[in-house]
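K.L.:
sharing a model prediction with you, sequence too.
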Amino acid sequence: MRKLTLSLSAAGLLLGGATLAIAANQAGDRGATKADSNGDGVITLAEAKSHGDERFAKMDADQSGFLSAADREANRAERFAAADTDGNGEISREEMTAAREARSAERADRLAKRQAAMFDRIDTDGSGGISEAEMLAAKEARADRRGAMRRGGRNERGMRMLRQADTNGDETISKAEFDAAIEARFARVDTDNSGTITAEEREAAREARKAERDEMRSERRGGRRGAAAETQ
């Protein structure tokens, strides 16, 4: 089971984040731009699957047609080589700082773009400012979307969702399983069943994911406190 967990968590299946542009801690908006191949601001299932094909090919380092722990190790080696800019087999303090700064710059750029897009969506009359009514409407719409996302149930969340992609239990993810998982995730995020994922639905998915992470952190903290109390 450890092999499966490593394989799934590393590959991430890109069911959130990049492939459907809702992940997390992954390159959400960068992924949205790539998946939205025609630039119309929404992602169709065909676009999501096409982007998924590209990501699967990149993650399947040994070109076996399956995502496995071996692919994880190969991809990690590739990331190490990218950071080791002088190719001496070690990452120096300077190289580590440069890699961290590059990631920070990318995150800042994505955040700025997301905030600008969010402002434009809330400013429905295009006045260049957000009124109290627009702010209230945005808050209510956000609450409605968050509720729709949460109705999927805990059994579809987090690593459990990723493990479910391995439908035959062989501890690898085949291309067919990958595609099926993308379709299932797409259907969950497409809360209005329009056949497309809008910027609003991506934002709702991000917020639902954040709420889930906060809940899990709270549960872990509660568990640690309980364990400490038992030892006293």
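P.N.:
Cool, the structure landed. Residues are numbered from 1 along each chain as shown.
K.L.:
please enumerate the strands of the protein.
P.N.:
43-44, 66-67, 173-174, 196-197 (DSSP state E).
K.L.:
helices or strands next to the first one in the packing?
P.N.:
Think strand 43-44. In terms of contacts (3 or more Cβ pairs under 8 Å, 6 or more residues apart in numbering; DSSP states H and E), strand 43-44 is packed against strand 196-197. The C-beta positions use only the backbone N, C-alpha and C, and glycine is treated the same way.
K.L.:
and the strand it packs on, what does it pack onto?
P.N.:
Strand 196-197 makes packing contacts with strand 43-44 when contacts are defined by 3+ Cβ pairs under 8 Å, 6+ apart.
K.L.:
what pairs with the strand it packs on, parallel or antiparallel?
P.N.:
For strand 43-44, the pairing partners within the sheet under DSSP bridges are strand 196-197 (antiparallel).
K.L.:
quick one: average confidence on the longest helix anywhere in the chain?
P.N.:
The single longest helix within the chain, with elements called by DSSP state H, is helix 199-231. Mean pLDDT, computed over helix 199-231, is 76.
K.L.:
re earlier: rank the strands of the chain by pLDDT, which is bottom?
P.N.:
Taking each of the strands of the chain in turn, the one with the lowest mean pLDDT is strand 66-67, at a mean of 82.
K.L.:
what residue ranges in the protein score low on pLDDT?
P.N.:
In the predicted model, the chain carries pLDDT under 70 at residues 1-33, 144-164, 223-232.
K.L.:
what about the helices in it?
P.N.:
Secondary structure of the chain (DSSP H): helices located at 2-11, 28-35, 45-59, 69-83, 93-122, 132-150, 158-165, 175-189, 199-231.
K.L.:
looking at the ones you listed, which is buried most?
P.N.:
helix 28-35 (a mean of 21; mean count of other Cβ atoms under 10 Å).
K.L.:
now D192: how far from I122?
P.N.:
To I122, D192 is 19 Å away according to Cβ to Cβ, to the nearest Å.
K.L.:
kindly apply the preceding question to G129 instead.
P.N.:
Per Cβ to Cβ, G129 is found 10 Å from I122.
K.L.:
also R206?
P.N.:
From R206 over to I122 (counting by Cβ to Cβ), the distance is 16 Å.
K.L.:
same check, this time on N193
P.N.:
The spacing between N193 and I122, counted by Cβ to Cβ, is 24 Å.
K.L.:
equivalent analysis for A187, please.
P.N.:
Taking Cβ to Cβ as the measure, A187 and I122 are separated by 27 Å.
K.L.:
all set now, cheers.
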